[in-house]
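Asks: requesting a structural model of the entry that follows:
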Amino acid sequence: MEEKDEKMIPETENAVEEGVHNYSRADRYVPPKEEAVKAQLEWFQDQKIALMMHWGIYSQWGVVESWALSDEDTSWCRERDDFEFDDKTFKEQYFALNKTFNPVRFRPEKWAEEAANAGFKYVVFTTKHHDGFCMWDSKYSDYKITSPDCPFHTNKNANVVKVLFDEMRKKGLGIAAYFSKADWHVPCYWTKDGEMGEKTWRGPSYDPAKNPKKWEEFREFTKNQIIELVRDYGKIDVLWFDAGWVCKESGEDIRLGEIVDEARRIQPWVLSADRTVGGPYENYVTPEQCVPDEPLGIPWESCITMGTSFSFKYEDKYKTPRELACLLMDIVVKGGNLALNVGPQPDGRLPEGALVSMRGLGEWLRVFGEGIYGTRVCAPYKKDGIYFTQKKKGNTVFAFKMYENENDEAGKEFFVPLDMGIESVARLEDGEEVKFEKVDGGYRLTCKTKAEGHPIATAFKIKVSA
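Replies: Numbering: from 1, shown residues only. Now for the predicted structure:
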């Protein structure tokens, strides 16, 4: 095999494996130049935790969102034994799910209330996944939740994106609009007269280089929908772009930079997360279902499911509040954000199991959030079972002892491997003054009282010497 020039390897090479995306390398990160975007990136890094939501027609079947439509990907995402019809019929019936989608129990104000109480600071919502079904009243597509062939179209909350974004903003949450750059329903991407015939894969059914007119039609369609969201749906904090194979390096150039630049003429601050592609329009990187081993030194956000699936899955099992708090801490100390995904039910409700865990996490964050929100990496970030964060400004450091096991009990004495001068220490959860003593390799902290029960963490607010 020929050796590849590392500089020439596109970010998208091996970008998707069984539906899970890798993430762009930190050494290829291009910092934004626009002052408004740089300021927004600081805002983003302060938020720490988002509620991510994959919701669409696929929720009715409880299957993986969109991916089963791609014949190339059926080996991992389509449980064939569950369906008695062939691939062609499967796709026909999937695309027809818009005719039965009727989430009459959807209450956007309830979702927003639960999100705020759980401690989320922004929401990442799927306006459109790869299957092309729009969760807003797009002027450029009839395949949408507000079309007459969708029974939900007469509901007062039918324009889901609008009502949900409005309610989330009322609760002070930021908005990240997930948008798939691929569209497997629109004829100018997957066309019946394409070169591949009935076979489908994640890319277009024709070669854009051989049919530039059709490709330009798709590019214009995509641009119109993105600008529509930015122009007509209130303040957008992040444009969160999925389908990283739609890029110049793969021969699917929609000239996203031009589209984002146009969007920024409307909302100058809006961040662009062109995931797995790299370059100046991937303002932060997005590890999927994983956490980097070390701080990346750039803005990042892990998108991780609360259960086992991004879309709603019947009888799914959800991470406990303890597991969620430990996961969040592992991400925050490395300088990242957590986009915690919950797949709403087809009837419009959030799953009860997910709500239980969300509420438990919210209770924990109300006590410990001061050491989470608005913090940055603090060396040694994680050592000897102690996790460190620090405020962006000032001389405040937080040290967390996390208890991953529900049977763990908190003691009264803790070793904190911190190489800084300390002026004072208080226990974060109750403000109790803590005695400290310099020892080899750090400090010994001694509490007056012992925490009751089996806490998720013991945390210390430490004033360090300037």
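Asks: for the closest residue to residue 417 other than its chain neighbours, give me its contacts.
Replies: Nearest residue to residue 417, sequence neighbours excluded (CB to CB, 6 or more residues apart in numbering): residue 442, at 4.0 Å. Every residue, glycine included, has its C-beta placed from N, CA and C. Contacts of residue 442 were listed using CB atoms under 8 Å, 6 or more residues apart in numbering, and they are 415-419.
Asks: so residue 442 versus residue 257, what's the distance?
Replies: 47 Å (CB to CB, to the nearest Å).
Asks: quick check: residue 114 is in a helix.
Replies: Yes - using DSSP: H, G, I helix; E, B strand; the rest coil, the assignment for residue 114 is a helix.
Asks: how close does it sit to residue 189?
Replies: 35 Å.
Asks: those two: which is more packed in?
Replies: Between residue 114 and residue 189, residue 189 has the larger neighbour count (other CB atoms under 10 Å), namely 26 against 20.
Asks: my guess is that one contacts residue 202, does it?
Replies: No - Residue 189 lies out of contact with residue 202 (CB atoms under 8 Å); the separation is 10.4 Å.
Asks: could you name every residue contacting both of those two?
Replies: residue 182.
Asks: in stretch 318-329, what counts as buried?
Replies: Going by neighbour count (16 or more other CB atoms under 10 Å), the buried part of stretch 318-329 is 318-319, 321-329.
Asks: try stretch 432-442
Replies: 434, 436, 442.
Asks: where in the stretch 151-300 of the chain is pLDDT low?
Replies: 192-197 (pLDDT under 70).
Asks: do you have the strands of it handy? List them.
Replies: For the stretch 151-300 of the chain, applying DSSP state E, counting those that start in this stretch gives strands covering 174-180, 238-242, 271-274.
Asks: can I get these in a markdown table including mean neighbour count and distance to residue 370?
Replies: As requested, the strands of the stretch 151-300 of the chain are exported to a markdown table (neighbours: other CB atoms under 10 Å; distance: least, CB to CB, whole Å):
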| stretch | mean neighbour count | distance to residue 370 |
| --- | --- | --- |
| strand 174-180 | 22 | 20 |
| strand 238-242 | 26 | 25 |
| strand 271-274 | 25 | 25 |
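Asks: in JSON lines: these, plus distance to residue 401.
Replies: Listed next are those as JSON lines, based on distance: least, CB to CB, whole Å:
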{"stretch": "strand 174-180", "distance to residue 401": "31"}
{"stretch": "strand 238-242", "distance to residue 401": "33"}
{"stretch": "strand 271-274", "distance to residue 401": "33"}
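Asks: nearest to residue 93, out of the ones you listed?
Replies: Closest approach to residue 93 among the strands of the stretch 151-300 of the chain (CB to CB): strand 174-180, 20.8 Å.
Asks: now the angle from the closest one to strand 238-242?
Replies: Between strand 174-180 and strand 238-242, the angle comes out at 20 degrees (axes from the mean of the first three to the mean of the last three CA atoms, to 10 degrees).
Asks: partners of strand 174-180, with directions?
Replies: As defined by DSSP bridges, the strand partners of strand 174-180 come to strand 122-128 (parallel), strand 238-242 (parallel).
Asks: could you dump the ones you listed to TSV with distance to residue 278?
Replies: Below are these laid out as TSV (distance: least, CB to CB, whole Å):
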stretch	distance to residue 278
strand 122-128	20
strand 238-242	12
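Asks: quick one: which of these is nearest residue 137?
Replies: strand 122-128 (11.2 Å).
Asks: can you give me the domain assignment for this structure?
Replies: 11-371, 375-464 (automatic domain parsing).
Asks: just those domains: most buried one?
Replies: Using mean count of other CB atoms under 10 Å, the stretch among these with the largest mean neighbour count is domain 11-371, at a mean of 19.
Asks: model confidence over the strand or helix carrying residue 380, on average?
Replies: Using DSSP states H and E, residue 380 sits within strand 375-383. Mean pLDDT, computed over strand 375-383, is 96.
Asks: show me what the helix or strand just after that strand packs onto, helices and strands only.
Replies: As assigned by DSSP H and E, the chain's next helix or strand after strand 375-383 is strand 386-391. Using 3 or more CB pairs under 8 Å, 6 or more residues apart in numbering; DSSP states H and E as the contact criterion, the elements in contact with strand 386-391 are helix 321-332, strand 375-383, strand 396-402, strand 413-416.
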